[in-house]
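Q: okay, sequence plus prediction incoming.
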Amino acid sequence: MVYKTGGILEKAGVTVAYHTDDWITDSRVFFRSAALGVRAGLSRKGALASLTLSGAKMLDLQDRVGSLKAGKDADFIIMDGDPLSVYSKVLETWVEGTKVFDRSDPDDYLHAVGGDGAGNDVTPYLCCYDHGSEQ
């Protein structure tokens with residue numbers, strides 16, 4: 001990824017939006033992408049829009065999502081700090097006005113810090129371990 005691309009596009013008048021498909025791993029990279037864009041020339045305002053309203057506009061969904069406004073879907077997150085800071089964490093996630101993640105809930109917390117499958121008993125794959133015999 002070339003981090004200066006966001007700033008170059010913004011200066012040329014192009015709408016910039018960051019995107020992720022992965023709901024855990026890349027969700028962390030999602031915020032970092034915008035932050036690195038700022039470090040490389042993207043405006044802070046442009047970076048915040050790139051995480052929110054710009055993508056909605058690109059998909060012509062700005063009347064439903066992308067900002068908090070009466071009549072919209074009420075999809076949002078609550079963070080404990082600056083969304084462009086590596087130190088900030090998502091505390092709550094709301095989808096259509098319903099809380100779907102709460103970091104203070106032990107199960108959600110485990111998922112947040114351990115990723116998909118956290119808390120499930122699994123046998124780890126070890127390349128040099130013979131699973132058929134005791135060593």
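A: All right, it came through fine. Everything numeric in this text was worked out from a predicted model, so none of it was measured.
Q: which residue ranges form the strands in this protein?
A: Applying DSSP state E to the chain gives strands spanning 76-79, 90-95, 98-102.
Q: who's in contact with the shortest one?
A: If I follow you right, that is strand 76-79. If you take C-beta atoms under 8 Å, 6 or more residues apart in numbering as the criterion, strand 76-79 is touched by 68, 88, 89, 90, 91, 92, 93, 94. C-beta here means a position set from N, CA and C on the backbone, and glycine is covered the same way.
Q: partner strands of it and their direction?
A: Applying DSSP bridges to the sheet, strand 76-79 is found paired with strand 90-95 (antiparallel).
Q: and the strand it pairs with, C-alpha only, in PDB?
A: Extracted C-alpha coordinates of strand 90-95, given in PDB (Å, rounded to 0.1, in the frame of the first residue of the first chain):
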ATOM      1  CA  VAL A  90     -13.700   0.100  20.000                       C
ATOM      2  CA  LEU A  91     -15.800   0.000  23.100                       C
ATOM      3  CA  GLU A  92     -19.200  -0.600  21.600                       C
ATOM      4  CA  THR A  93     -20.700  -1.400  18.100                       C
ATOM      5  CA  TRP A  94     -24.300  -0.600  17.200                       C
ATOM      6  CA  VAL A  95     -26.100  -1.800  14.100                       C
END
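Q: that strand versus strand 98-102: what angle between them?
A: 150 degrees (axes from the mean of the first three to the mean of the last three C-alpha atoms, to 10 degrees).
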